[in-house]
Structure formats: C-alpha cells, structure tokens
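In: A predicted structure for the sequence below; I have some questions about it.
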Amino acid sequence: MAPKWWTLLVVCLAVFMLLLDITVVNVALPDIRADLHSSFTDIQWVIDAYALGLASLLLATGSLGDLIGRRRVFVTGLGVFIAASMVCGLATSPLMLNLARGVQGAGGAMMFATSLALIAQEFSPGERGAAFGLWGATTGFAVAVGPLVGGVLTEHAGWEWIFFVNVPVGIATAAMTLARVPDSERDRTATIDWAGLVTFSGALFCLVLALIRGNDEGWGSTPIVALLCASAALLAAFVALELRIERPMLDLRLFSKPAFTGAQIVAFSLHASMFSMFLYLVLYLQNILGYSPLEAGLRFLPVSLLAFLAAPVAGKLAERTSIRAFMGAGLFLIGAGLLLMGGIVVSDDWTTLLAGFVIAGVGVGCVNPPLATAAIGVVEPARSGAASGINSTFRQVGIATGIAGLGAIFQAQVSNKLSQLLSGTPLPPGAESRLAEAVESGGAQTAAAAVPPSARHAVAAAGRQAFIHGLNEILVVAALVAFVGGALALVLVRQRDFVAQRSEASAGRRPDRGPLPAR
C-alpha cells in the first residue's frame, strides 16, 4: 500500500479515537460518579478538562508541527493520549481522572492539529477532496457511534474500558505511523507563540472555573470576581499580543471578513447548545428514568444517525444553493428541537424527547458540512490550515463554556426549586445543600436514603421534580444560543467573502450559490 494510504489510515484512526472520547464518555458519567463518589462539579470537569486541553493547544501544536515535523508531533500526541487514557482508566479519584483528561486533551490537540496537514502533504491537490471526504466521514461516524460505544463498554466491561480501549488501538496506530508515514519538511522559520498560548489558555481556564464554581462560592464572592477579572484581563492581553506580533497563534486579521467571524460563531453556537446538552440529557435518561448506559446510548441514536445521514445530503445541496442558509436553518432546527425536548413532566418517559431528537439531529447534519466549507472557503488557500484550526478551537471552546454556563444555570434552578419543594419538610441542618448537590449529579435516590424515613418519599419526589425543572430551563437557554447563532449566520456569512468567488466567477460558478446567472 502506498504511503499516502497509510497516512490516511493512521490519521483517520487517530481522529476517530480523539473525537470518540468527546462523546463516548457521556453515557459513562453516572457510573463514574457512583464509583469515584464525584460531585456535579467533578462530572462537568470530566468533559471540560478534555475540551480545554484540546482548545488551548490546538493552534500552538500546529505551529510546533511546522517547526519540528508533523509526524513527530503526531506520534508524540499519540503517546501522550495513550498514556493519559491508561491513567484515566486507572483513576481512583475525580481529581486524578480530570487531570488525566486534561493531558489526554493535550495529546488529542497534537494529533488533531497535524492530521489534515499530514493528509495534504501526501495527496496531490486533485486527490485531496476524496481524502478529506473520508476524513470528514470518520469524524461524523465517531460522533454518531460515540454514545452507543460508550453504552456497550460501560455496561459490559466497566466505564474504565472507554479509556483502556484507546491503548491497543493507539499503539497500533503509532507503530504504523513510524513505519509507513513519511516525515514532513520542516519550516525553520516557524515560531511558537508562547505568550499567546499562556494568555489564551489562562483566560479560558479562569472563565470556565468561574462558571463552574460560581454557584458554590457565590457570584459576588472575591474568588469568582477575581477569576472573571483575570479572564477578561488575560483575554485583553491576548488580543493585544496577537495584533502586534508577526506570526500570531490566532490571526485576528482573519476576523475582518464577516463570513469568517460568522463561521466561528456557528461553530461555537452548535457546540455550546446541542453538544453541551448531551451531559444533562444523559443524566436525565440514566438517573431520573433509570436506563442503563447501553439503553441510554441507544436512545441517542435518532440524534447521531440522523446527523450522520443528513450531512452528505446537506453538503451537496448547500453547494448548489446557499451555505449560509443551511447553517442558519440548521441552527434554527437545533433550537426548535431543543424546545421540543423541553416541557418535561415527572410522569414522562424518554419518548417525550424523541421529536426534538429527530429535528435536532437533522439540524446538526445541516450545519456541519457547510460550516467546514465556510471555515476555510473565505481565506486564501495558503491560510486554510490556520482557518481550520481556529474553527476547531471555537468548537471546543463552545463545549467547555457551554457545559460550564449551562451547568451554572442548572445548579441555581435545581437548588431554588428544591428549596421551594422542601420548605415544609423537617430536615437535619445542612441537609438541603447536600441534597441539592446530590440531585444535580443524579444521585437523588441515594441522598433520599440518608434523611429520616418519614421524609424520604418527599425528598425523592422533590429531587426528581427539581432536576426536571432545571433541565427544562437549560433546554430553553440552549435553544436561545442556537437561535442567536443561526440569525448571526444569516447576517454575517456573505457570498462575496468567499475567496473562490473571484476565481470561479469567470467560469460561470460561485461557491455559495451555484451557477452565476447569464448576463
């Protein structure tokens, strides 16, 4: 087999692993919570630590690949990912697991940042379309099967195996890479934007930490105010630095084109709304409705399969009609689907979510292909790698801040509702706050067992109602995020911003709306 096919194989295997670890962990979270005695904050960090590792290092590791060789960075990322996966599976505490998840995300960033560049160096320009298509199909398939794979492994082997399975696959992928994938030429003029890396990562970490800890510490407390101020200061410093240096980590000049800005808003909105809601929907299916990990994974199939099946159709139609229309309509469908999932009552089963799952799944499929086109279609070909990296970064930032922000609202709503429902119930001192934390993480039944027998039924019923109330509230918030993102896509993603517009106009075609009219 030619080296280019080996390259495509190892890149697809690696990307499948790292993207699978974003979705596969969701259905395992209730088991992780029970085994490691995790709090609601701990559960949030299982996903956010990974997303932060990816988002913080994605752009910097792309530059590192140019400097020391993409294959070297790719294999190093595989090694980091494998080692961190092993530690995740062996974790005996939430802190150990979440630190390992952060390192795992860093390894994933090294693989993800160099994956498309490795394909581009081995395939000629005429062959890259098919190669990138297979790469895109792999990413879609990873997202589609993630909940099901997580359910099977968690139920039949234990949650540890969602991490252990990466070890043999990762070792085989690293061996094939070293044996069959050629190294790339190195750009000795490439530099690492260390100041940008530190300020960007610091700003993102402080923001997410403040959102996650805000309800517990108090939004006006000194630690939370300090974290928010630090995040704002670091972000301002990052922008100032990036505007001054010659080769910035994040080229802010690209945002001068409204269509490029629109693509990043769409990426953020998609992940801050639909994908961030997966955590809370899983907790509802497993801890409130009592489904097993596998049963919960199966119930997510309408979302994942429809997203997977709708994507190629949407990609073809968007090329002939309007990219921005598909991105806008897709986000509106996601918002409508999230609203349809809402209005849950205590007596409902999972089928109350089904209509919303179907519509949101089609919406995700409508957004992803035109988003990938828009993310790189509005920049010069030489800058497409940087543009793709920025778009991937905004996706991970969306997940990290979406989970933290929705979690802050969810915590506040659950706590307030629980206080109302238990106002006349005699409870030991401090029991109400412990109950609220238990309900948020899905342990309402366990918490009810710790109160006096006379109050257990009332506490269990109140916990269930409070969780559902909080879920209904954040479904509305997530829908609003999707609607705003959809509206901004329609306003910002303009046909004239596409670079190919100028080169293809003479051929009688335009990239955003198909053939140009005859004159």
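Out: Cool, the structure landed.

In: show the contacting residues for the residue lying closest to residue 440 once chain neighbours are set aside.
Out: In space, and not counting its chain neighbours, residue 440 is closest to residue 40: 4.0 Å by C-beta to C-beta, 6 or more residues apart in numbering. For glycine as for every other residue, the C-beta is placed from the backbone atoms N, C-alpha and C. Applying C-beta atoms under 8 Å, 6 or more residues apart in numbering, we find residue 40 in contact with 407, 411, 437, 440, 441.

In: reformat these as a markdown table; add distance to residue 329.
Out: Shown next, in a markdown table, are the contacts of residue 40 (distance: C-beta to C-beta, whole Å):
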| residue | distance to residue 329 |
| --- | --- |
| 407 | 29 |
| 411 | 33 |
| 437 | 40 |
| 440 | 34 |
| 441 | 36 |
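
In: could you give the number of residues near residue 218?
Out: 12 (other C-beta atoms under 10 Å).

In: isn't it up against residue 210?
Out: No - under the criterion of C-beta atoms under 8 Å, residue 218 makes no contact with residue 210, lying 11.4 Å away.

In: any residues in contact with both of the two?
Out: residue 224.

In: quick check: buried residues in stretch 229-236?
Out: 230, 231, 234, 235 (16 or more other C-beta atoms under 10 Å).

In: same thing with stretch 480-500?
Out: For stretch 480-500, the neighbour count (16+ other C-beta under 10 Å) marks 481-483, 485-490, 492-493, 497-499 as buried.

In: how about the CA coordinates for it, as PDB?
Out: Output of stretch 480-500 as PDB, limited to C-alpha atoms (Å, rounded to 0.1, in the frame of the first residue of the first chain):
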ATOM      1  CA  LEU A 480     -31.700  30.600  22.500                       C
ATOM      2  CA  VAL A 481     -28.000  30.100  21.900                       C
ATOM      3  CA  ALA A 482     -28.800  28.100  18.800                       C
ATOM      4  CA  PHE A 483     -31.300  30.700  17.500                       C
ATOM      5  CA  VAL A 484     -28.900  33.600  18.000                       C
ATOM      6  CA  GLY A 485     -26.100  31.600  16.200                       C
ATOM      7  CA  GLY A 486     -28.500  30.900  13.300                       C
ATOM      8  CA  ALA A 487     -29.500  34.500  13.000                       C
ATOM      9  CA  LEU A 488     -25.900  35.700  13.000                       C
ATOM     10  CA  ALA A 489     -25.000  33.100  10.400                       C
ATOM     11  CA  LEU A 490     -27.600  34.600   8.000                       C
ATOM     12  CA  VAL A 491     -26.400  38.100   8.600                       C
ATOM     13  CA  LEU A 492     -22.600  37.500   8.600                       C
ATOM     14  CA  VAL A 493     -21.900  34.700   6.100                       C
ATOM     15  CA  ARG A 494     -21.900  36.700   2.800                       C
ATOM     16  CA  GLN A 495     -21.400  35.300  -0.600                       C
ATOM     17  CA  ARG A 496     -18.900  37.900  -1.600                       C
ATOM     18  CA  ASP A 497     -16.500  37.000   1.200                       C
ATOM     19  CA  PHE A 498     -15.600  33.600  -0.300                       C
ATOM     20  CA  VAL A 499     -12.200  33.600  -1.900                       C
ATOM     21  CA  ALA A 500     -13.200  31.100  -4.600                       C
END
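
In: first-to-last residue distance for stretch 233-252?
Out: 17 Å (C-alpha to C-alpha, to the nearest Å).

In: and the closest residue to residue 18 other than its chain neighbours, what helix or strand is that in?
Out: In this structure, residue 18 finds its nearest non-sequential neighbour in residue 108, 3.8 Å apart by C-beta to C-beta, 6+ apart. Assessed by DSSP states H and E, residue 108 sits inside helix 94-122.

In: show me what that helix packs onto, helices and strands only.
Out: helix 3-23, helix 29-36, helix 40-68, helix 70-90, helix 128-156, helix 384-421 (3 or more C-beta pairs under 8 Å, 6 or more residues apart in numbering; DSSP states H and E).

In: now those as TSV including distance to residue 275?
Out: Shown next, in TSV, are the helices and strands packed on helix 94-122 (distance: least, C-beta to C-beta, whole Å):
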stretch	distance to residue 275
helix 3-23	8
helix 29-36	14
helix 40-68	10
helix 70-90	20
helix 128-156	9
helix 384-421	6
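
In: now the ones you listed in TSV, with mean pLDDT?
Out: What follows is the helices and strands packed on helix 94-122, written out as TSV (pLDDT from 0 to 100):
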stretch	mean pLDDT
helix 3-23	86
helix 29-36	90
helix 40-68	87
helix 70-90	94
helix 128-156	79
helix 384-421	86
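
In: quick one, which of these is packed in tightest?
Out: Stretch with highest mean neighbour count among the helices and strands packed on helix 94-122: helix 40-68 (a mean of 25; mean count of other C-beta atoms under 10 Å).
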